[in-house]
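Q: sequence? don't have it. structure:
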């Protein structure tokens, strides 16, 4: 229960997004936006392969936690792929939100029910904590590249790392996608960015340095020369976990969204609130209990977040919205997808489908090696090993590599989108 130790912020984010969309001319009402989710909660939907696999994988760990079996098992066992899966209690909660507004999650009758559920589950989050919460509109971080301008989220997210990776790689003269130079130097750019992230990124209210400084030409130039073109930097640095979803959209007027939300681990805290059917997140696990740690737990403090949706306005006038789930892998996958699509002109779907790497640990693993999907050429793997990378080959389309997506709008009005073959998502025009 102590894993459910921070307020859930997504609903206030929905409200802020709805207000902004209305300001931009959006006409959809809250009730319409929640209609499909309510329907699927009440009537059910086919369980996906990913849902079935993940529920089986975590069954022994989570079975017995409050509300878990009632919400996620069918007659005591995980749903098979294609099985009809319902969430009736959650559908009722969504109906209440449609009627009373997203703010009712934090203030009002629904908030009181949530607070009572949390208290029964043993969570330290109270009604007072819920009532204090407000979403903030913040200015994004940005980095100017030779290929365009890219934006991402400021701390406490790791958006800084994603932008630094692109800023550093932009200083590398690499012409061939998928080559040793491409993969090796991108991995080394990841390391340089993560060193900064791990040392500085925390609740912005207590940061003692401007994150924008690390995106200046002066700082990026200085760090880029630390990337050895032939030799891997030793990498004993611990990693962050994560599990998330990303969505993006662009309309004909050029309004674009890059959206990400997360309960962090596959089933968040594992706590399902009895009356409302809400599965509570465990983003607070990013806090540390170690003295002197940059993300030490403290009252009122916001935890480090892996979430970092990205957007770009390219030099050719194209608007690109992109992102991924995958915790520690998010900045790495963003770097691969961006460079493949933008630097090397690969179609979005091709850029998403190509093999990926992950530097750092995976679920239940404390290693910090370089994991490579087995579709990489064997000669490339050999060169990476010779350069000092501690590589490990994994399955060819691995969930560990994140579930990415991207959509773009060209100046001539042509739209392009793609969805990760590792995921259950899709790209669609409406």
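A: Noted; the coordinates are in hand. Because the structure is predicted, anything quoted here is derived from the model rather than measured.
Q: any weak-confidence spans in this structure?
A: For the chain, residues meeting the criterion pLDDT under 70 lie at 236-243, 361-367.
Q: hmm, 80 instead?
A: 1, 236-244, 361-368 (pLDDT under 80).
Q: so where do the helices sit in the stretch 101-250 of the chain?
A: Counting by DSSP state H, counting those that start in this stretch, one finds helices in the stretch 101-250 of the chain at the ranges 109-121, 127-132, 159-169, 180-200, 217-224.
Q: Same list (those) but as TSV, adding mean neighbour count and distance to residue 31.
A: Every residue, glycine included, has its C-beta placed from N, CA and C. Formatted as TSV, the helices of the stretch 101-250 of the chain follow (neighbours: other Cβ atoms under 10 Å; distance: least, Cβ to Cβ, whole Å):
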stretch	mean neighbour count	distance to residue 31
helix 109-121	18	16
helix 127-132	15	23
helix 159-169	27	32
helix 180-200	22	40
helix 217-224	14	47
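Q: Could you dump the ones you listed into JSON lines with distance to residue 337 added?
A: Output for the helices of the stretch 101-250 of the chain, formatted as JSON lines (distance: least, Cβ to Cβ, whole Å):
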{"stretch": "helix 109-121", "distance to residue 337": "37"}
{"stretch": "helix 127-132", "distance to residue 337": "36"}
{"stretch": "helix 159-169", "distance to residue 337": "11"}
{"stretch": "helix 180-200", "distance to residue 337": "11"}
{"stretch": "helix 217-224", "distance to residue 337": "20"}
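Q: Identify whichever of those lies nearest to residue 317.
A: Nearest to residue 317, of all the helices of the stretch 101-250 of the chain, is helix 159-169, at 18.7 Å by Cβ to Cβ.
Q: Across the sheet, point out what pairs with residue 260.
A: Taking DSSP bridges, one finds residue 246 as the beta-bridge partners of residue 260.
Q: Which of the helices or strands spans residue 405?
A: Using DSSP states H and E, residue 405 maps to strand 404-409.
Q: Next secondary structure element downstream of that strand?
A: strand 415-419.
Q: between that next one and strand 404-409, how big is the angle?
A: 180 degrees (axes from the mean of the first three to the mean of the last three Cα atoms, to 10 degrees).
Q: Who are the packing partners of strand 415-419?
A: Counting contacts by 3 or more Cβ pairs under 8 Å, 6 or more residues apart in numbering; DSSP states H and E, strand 415-419 is packed against helix 348-353, strand 404-409.
Q: what lines up beside it in the sheet?
A: By DSSP bridges, strand 415-419 pairs with strand 404-409 (antiparallel).
Q: quick revisit: I'd like to know which of the helices of the stretch 101-250 of the chain is closest to residue 53.
A: Once the helices of the stretch 101-250 of the chain are compared by Cβ to Cβ, helix 109-121 is nearest, at 26.5 Å.
Q: can you give me the offset of that closest one from its chain's centre?
A: With Cα atoms, centre = their mean, to the nearest Å as the basis, helix 109-121 stands 27 Å off its chain's centre.
Q: Contacts for that helix, please.
A: 1, 4, 66-67, 93, 96-97, 100, 104-105, 125-127, 130-131, 271, 273-276, 278, 280 (Cβ atoms under 8 Å, 6 or more residues apart in numbering).
Q: So how do I select the buried members of the residues you listed in ChimeraX?
A: The ChimeraX command for the buried members of those (criterion: 16 or more other Cβ atoms under 10 Å) is given here:
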select :1,4,66,67,93,96,97,104,105,125,127,130,271,273,274,276,278,280
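Q: Give me whichever of the helices and strands packed on strand 415-419 is most buried.
A: strand 404-409 (a mean of 25; mean count of other Cβ atoms under 10 Å).
Q: export the helices and strands packed on strand 415-419 to TSV and tack on distance to residue 395?
A: Shown next, in TSV, are the helices and strands packed on strand 415-419 (distance: least, Cβ to Cβ, whole Å):
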stretch	distance to residue 395
helix 348-353	15
strand 404-409	17
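Q: After the helix or strand hosting residue 37, heading C-terminal, what element do we hit next?
A: According to DSSP H and E, residue 37 maps onto helix 30-43. For helix 30-43, the succeeding helix or strand toward the C-terminus, using DSSP H and E, is strand 45-46.
Q: Give the other helices and strands that that next one contacts.
A: Strand 45-46 packs on strand 84-85, going by 3+ Cβ pairs under 8 Å, 6+ apart.
Q: which helices and strands does the strand it packs on pack with?
A: Strand 84-85 packs on strand 45-46, going by 3+ Cβ pairs under 8 Å, 6+ apart.
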